[in-house]
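1. Got a predicted structure plus its sequence, pasted below:
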Amino acid sequence: MYSRASEPVQFERDCPAVMVPQGDAVTLPAGSYGYITQALGGSYTVFVDGNLFRIAGKDGDAIGKEPPPALELPADASDDEVEKLVWRQLRTCFDPEIPFNIVDLGLIYSAEVQAREDGQRQVEVKMTLTAPGCGMGEILVDDVRSKLEMIPTVSEADVELVFDPPWGRHMMSEAARLETGMF
């Protein structure tokens with residue numbers, strides 16, 4: 001869900017957050033007031049005291065939101081079914097400042113599912129950022145890793161941040177380029 005209008009919120013408990021775009025971890029105290037400026041992929045970008053902060057979905061209860069539902073997968077799911085779910089999960093990862101998922105932004109270079117001998121799976125992802133110095137880089141990498149490890153049978157997600165080839169707007173999906181005016 002994307003929130004085009006700012007939704008007022010009050011923090012019901014102390015809440016871990018990440019300052020946008022610096023990437024600094026902070027705690028927003030209970031009783032703080034703010035506005036949700038973006039609600040996409042199960043996380044929230046909130047405006048509090050003149051700054052933007054990213055709230056992870058698992059901490060949504062601090063602002064009165066439900067946590068994202070658990071993922072389901074048949075016990076006998078094939079690698080292809082798992083790979084489809086991997087790409088679906090990647091589309092739930094959003095830059096906290098841009099209302100597009102990282103797949104449509106062209107930040108995912110590859111995502112490979114590998115079966116392991118113990119019946120579990122490992123996912124290897126190569127991704128980039130719109131700018132190498134982005135303070136949210138490690139936050140996005142952690143978001144990708146944690147969302148992929150929510151998938152049943154995925155025991156490990158190895159997410160590598162790469163800058164070759166460098167990202168360019170030509171890597172965005174046509175829909176994202178149209179929406180942002182970046183032709």
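-> Looks like it arrived, so ask away. Numbers count the residues shown, from 1 in each chain.
2. Which residue ranges of this protein form helices?
-> Assigned helices in the chain, in chain order: 79-90, 137-148, 174-180 (criterion: DSSP state H).
3. And for the last one, what's in contact with it?
-> Under the contact criterion C-beta atoms under 8 Å, 6 or more residues apart in numbering, helix 174-180 has outside partners Ile98, Phe100, Asp104, Leu105, Gly106, Arg169, Met172, Met182, Phe183. All C-beta atoms are positioned from the backbone trio N, CA, C, and that covers glycine.
4. Touching, the first one and Asp104? I think so.
-> No. Using C-beta atoms under 8 Å as the test, Ile98 is too far from Asp104 to be in contact (9.8 Å).
5. circling back: which among the contacts of helix 174-180 end up buried?
-> Those of these that meet the buried threshold are Ile98, Phe100, Asp104, Leu105, Gly106, Met172, by 16 or more other C-beta atoms under 10 Å.
6. Where is pLDDT lowest across those residues?
-> Of all the buried ones among the contacts of helix 174-180, Ile98 carries the smallest pLDDT score, 77.
7. which one is that one nearest to, not counting chain neighbours?
-> Leu105 (6.8 Å; C-beta to C-beta, 6 or more residues apart in numbering).
8. what sits against the one you found?
-> Asp95, Ile98, Thr130, Met171, Met172, Ser173, Ala176.
9. where does it sit relative to Gln22, distance-wise?
-> Distance of Leu105 to Gln22, given as C-beta to C-beta, to the nearest Å: 20 Å.
10. now Val141
-> Val141 is 16 Å from Gln22, by C-beta to C-beta.
11. which of these two has more neighbours?
-> Val141 (18 against 12; other C-beta atoms under 10 Å).
12. partner residues bridging the nearest residue to the more buried one once chain neighbours are set aside?
-> For Val141, ignoring the flanking residues on the chain, the nearest one in space by C-beta to C-beta, 6+ apart is Val159 at 4.9 Å. Counting by DSSP bridges, Val159 is bridged to Val125.
13. how many neighbours does Val159 have?
-> Counted by other C-beta under 10 Å, the residues lying close to Val159 total 19.
14. got it, and Gly64?
-> Using other C-beta under 10 Å, the number of residues around Gly64 comes to 12.
15. Tell me how this protein divides into domains.
-> For the chain, automatic domain parsing gives the domain ranges 7-63, 79-180.
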